[in-house]
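Asks: quick one: sequence and predicted model below, then my questions.
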Amino acid sequence: TNMRVLLAVVAALALIGSAQAICRSAILPRAKVWIANHVPYSQTGSYQGYRTDCSGYVSMSWECPQPGYDTLEFQSLGIAHQITKDQLLPGDVMLAPGHHICLFAGWTDASKTQYTAYEEYDTAEGTISKIHPYPYSSYPGATFYPARFKDLQEC
């Protein structure tokens, strides 16, 4: 019925709209806190209310609801939308749905062949800053693309 469709749409919008806007200028400072604190990687752990895996880290950096989205939800719920390589700015991400996500912190030089990423990846290293070739270092089975938070504000 029309009522069921309306309820389904309202429920979907509530999920999608649950993230709040954040200024681009606030993203990397938030992310650097976990790097400074060497927050260890864990898919079951939490820190400051967020999962301590790659997607929990990006969720925290983007100030999304706790405990954070997973790499599939960033795409399926429309939390992040694909952009071009030339549009990438600090605070955007490199996303491989179902595999990994990392924050784009900036190009290492004008050739735009390597960038600095902030990420939760390895249990031994914790949250790190690392240089990757574009689009990403070797990650078997994953296809990375640049993406931007839907509620990002340029401020």
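Replies: Yep, it's here. Owing to the predicted nature of the structure, the values given are computational and were not obtained by experimental measurement.
Asks: what residues are up against the residue positioned nearest the centre of the chain?
Replies: The chain has Val58 as the residue nearest its centroid, 3.6 Å off, counting by C-alpha atoms, centre = their mean. Residues touching Val58, when contacts are defined by C-beta atoms under 8 Å, 6 or more residues apart in numbering, comprise 68-69, 74, 93, 101-103. Any C-beta I mention is one placed from the backbone N, CA and C, and that applies to glycine too.
Asks: which of those residues lies closest to Lys130?
Replies: Cys102 (8.2 Å; C-beta to C-beta).
Asks: how about that closest one, secondary structure?
Replies: Assigned by DSSP: H, G, I helix; E, B strand; the rest coil, the conformation of Cys102 is strand.
Asks: state the pLDDT value of it.
Replies: At Cys102, the predicted lDDT confidence score is 98.
Asks: cool, and the one 10 residues further on?
Replies: Reported pLDDT at Lys112 in the predicted model: 97.
Asks: my read is that it contacts Phe104, right?
Replies: No - with contact defined as C-beta atoms under 8 Å, Lys112 and Phe104 do not form a contacting pair (11.2 Å).
Asks: which of these two has more residues huddled nearby?
Replies: Here Lys112 and Phe104 are set side by side on neighbour count (other C-beta atoms under 10 Å), and the busier one is Phe104, at 23 against 12.
Asks: contacting residues around the helix or strand encompassing Tyr115?
Replies: Tyr115 belongs to strand 114-122 when assigned by DSSP states H and E. Contacts of strand 114-122 from elsewhere in the structure, counted by C-beta under 8 Å, 6+ apart, are 28, 31-32, 34-35, 39, 41, 52-54, 56-57, 61, 88, 94, 100-108, 126-134, 136.
Asks: before we move on, what about stretch 128-147?
Replies: Applying C-beta under 8 Å, 6+ apart, the external contacts of stretch 128-147 come out as 35, 74-75, 80-85, 87-88, 92-96, 98-100, 102, 104-105, 108, 112-119, 121-122.
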